[in-house]
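Engineer: here's a sequence, model it:
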Amino acid sequence: MSEDEHARRGIDLDKPNAARVYDYILGGQLNYAVDRMFAEQVLSAQPNARERARLNRQWLRRAIRFGMDQGIRQFLDIGSGMPTVGHVHEVAQAVDPKARVVYVDNEPVAVAHSEIVLEDNENAAMVHADAEFPDDVLEHDTTETMLDLDQPLMVVMALFVHFIPDSRDPARLIAAYRDALAPGSYLALSSATYEQQSEGTNRAVEMYKQSANPVTPRSADELRALVDGFEIVDPGIVFIPEWRPEEAHPNPSESGGLALVARKN
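Structural biologist: Predicted coordinates:
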């Protein structure tokens, strides 16, 4: 892709982008040299970063299957990133091919490749929007066509909210989505945390300050405050591998993140 094409699509190659860095860490190909260089620096400070990404993706699958078990058949994935294996539509539609999924991201590479992956899937679509403006997401033609907001759905925020600093009021953001949901809807959220973490986590957070997407890790109490108005389901706010695991993890805190699923009553 030429420099002019990068500019036309709004792709900034001066700074690494979190979605593309995550794609590289997961072993994907949808990234650029600036992302790979940064990812290698993160891996140097935090050698288990690939394992952390894998654990988060496993949690996401469990959360989606939980939603399906509760009768949820429509999903809104905020900050969805790259279309890597095990994406929401693959998990949901393996249970019910008619399950509907809308992905939302503002990273042009993520959007472009998601559109390609979803081209032949009539029950999944990509919305190119900034999720920090909920009206732009919820009132988008694609969202309104694909999802029925009068019926329960699950909003997914997997490793998304830690990119929203306190100065941009993540509680207000989550509340805006909550208020648009029908009773019986769910929120599935995971976030980086400082709780029980090593110095490597601190170094990685400092590195992300040089990227396009600085990170704000949060404690369980801070996440609980962000989801006010939802009822957190069992087992509560726990380290990512501890959320309804299929098998026990020897050291859950090594995941570097906390996870929860909460219900709007």
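
Engineer: so where's the protein uncertain?
Structural biologist: Where the chain drops to pLDDT under 70, the residues are 1-13, 83, 85.

Engineer: which residues are in contact with the nearest residue to Gly67 once chain neighbours are set aside?
Structural biologist: Spatial nearest neighbour of Gly67, chain neighbours left out: Met154 (4.2 Å); criterion: C-beta to C-beta, 6 or more residues apart in numbering. No exception for glycine: its C-beta is placed from N, CA and C like everyone else's. Under the criterion of C-beta atoms under 8 Å, 6 or more residues apart in numbering, the neighbours of Met154 are 63-64, 67, 72, 74-76, 185-188.

Engineer: look up how far Arg20 lies from Met154.
Structural biologist: Per C-beta to C-beta, to the nearest Å, Met154 is found 26 Å from Arg20.

Engineer: Gln41: how many residues sit nearby?
Structural biologist: By the other C-beta atoms under 10 Å criterion, the neighbourhood of Gln41 contains 16 residues.

Engineer: how near is it to Leu30?
Structural biologist: Applying C-beta to C-beta, the value for Gln41 to Leu30 is 19 Å.

Engineer: pretty sure Asp14 is touching Val34, no?
Structural biologist: Yes - using C-beta atoms under 8 Å, Asp14 and Val34 qualify as a contacting pair, with a distance of 7.3 Å.

Engineer: looking at these two, which is more packed in?
Structural biologist: It is Val34, of Asp14 and Val34, that has more neighbours when counted by other C-beta under 10 Å, with 18 against 6.

Engineer: assumed the more buried one was part of a helix.
Structural biologist: Yes - Val34: assigned to a helix according to DSSP: H, G, I helix; E, B strand; the rest coil.

Engineer: give the contact list for the spatially closest residue to it that is not a sequence neighbour.
Structural biologist: Using C-beta to C-beta, 6+ apart and skipping residues adjacent in sequence, the residue nearest Val34 is Pro16, 5.2 Å away. If you count contacts by C-beta under 8 Å, 6+ apart, Pro16 has them with 34-35, 37-39, 211-212.

Engineer: now the helices: where do they sit in the stretch 1-150 of the chain?
Structural biologist: Secondary structure of the stretch 1-150 of the chain (DSSP state H, counting those that start in this stretch): helices at 3-9, 18-25, 33-45, 49-69, 88-95, 108-117, 134-138, 141-146.
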